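K.L.:
sequence below, structure please.
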Amino acid sequence: TFPMKLWLLVNSPCVRSVRWDARGEGLLIDQGLFEQELLCVGPSAAGEEELFKTKNFGSIVRQLNLYGFYKLTVNPMGNTVGSGPSSATAGGDTSYADGPLHHFWNPHFRYDRPDLLIKIKRLTKANKEKLDAGLEVTSR
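P.N.:
Presented below is the predicted three-dimensional model:
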């Protein structure tokens, strides 16, 4: 599923374009690097396996929104206030942005809680109606 792909990416030592924020409660995505590294846009894309079925970063943002991720404001330093798992923030290095840096948050997507991933549901019209009515939404 999309949330599981994100979890694997943000925790992969090989992926530089997606990382945890300083608190381990949100995603920081370097758009330029993400497009090169994961969407096969640009020179470094040769022979890469297609992870997402799009080359458009806007489609990734749309998926994030569909799964209940909210976009937060990134301060000029490219990080967020607070302390968190330093091992998850690439040693605190926030200076490698190749393009716009995007910060996304979902209450069930956290560094220390992989068990919460099952709570992230795609926000279809039917699922939204169930959630609004206070009912539980089950995965397919």
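
K.L.:
could you check how far residue 132 is from residue 123?
P.N.:
11 Å (CB to CB, to the nearest Å). Heads up, the C-betas are built off the backbone N, CA and C, glycines and all.

K.L.:
between the two, which one's more packed in?
P.N.:
Set residue 132 next to residue 123 and count neighbours by other CB atoms under 10 Å: residue 123 wins out with 14 against 8.

K.L.:
does that one sit in a helix, a strand or a coil?
P.N.:
Put simply, residue 123 is coil when judged by DSSP: H, G, I helix; E, B strand; the rest coil.

K.L.:
doesn't residue 66 make contact with it?
P.N.:
Yes. At 5.4 Å, residue 123 counts as touching residue 66 under the criterion of CB atoms under 8 Å.

K.L.:
ramachandran angles for the closest residue to residue 64 other than its chain neighbours?
P.N.:
Among residues not flanking residue 64 along the chain, residue 104 sits closest, at 5.3 Å (CB to CB, 6 or more residues apart in numbering). Phi and psi for residue 104, reported as degrees, to the nearest 10, are phi -120, psi 150.

K.L.:
burial check on residue 104, number of neighbours?
P.N.:
Look at residue 104: counted by other CB under 10 Å, it has 22 neighbours.

K.L.:
that one pairs with what?
P.N.:
On the basis of DSSP bridges, residue 104 is bridged to residue 27, residue 71.

K.L.:
alright, I will stop here.
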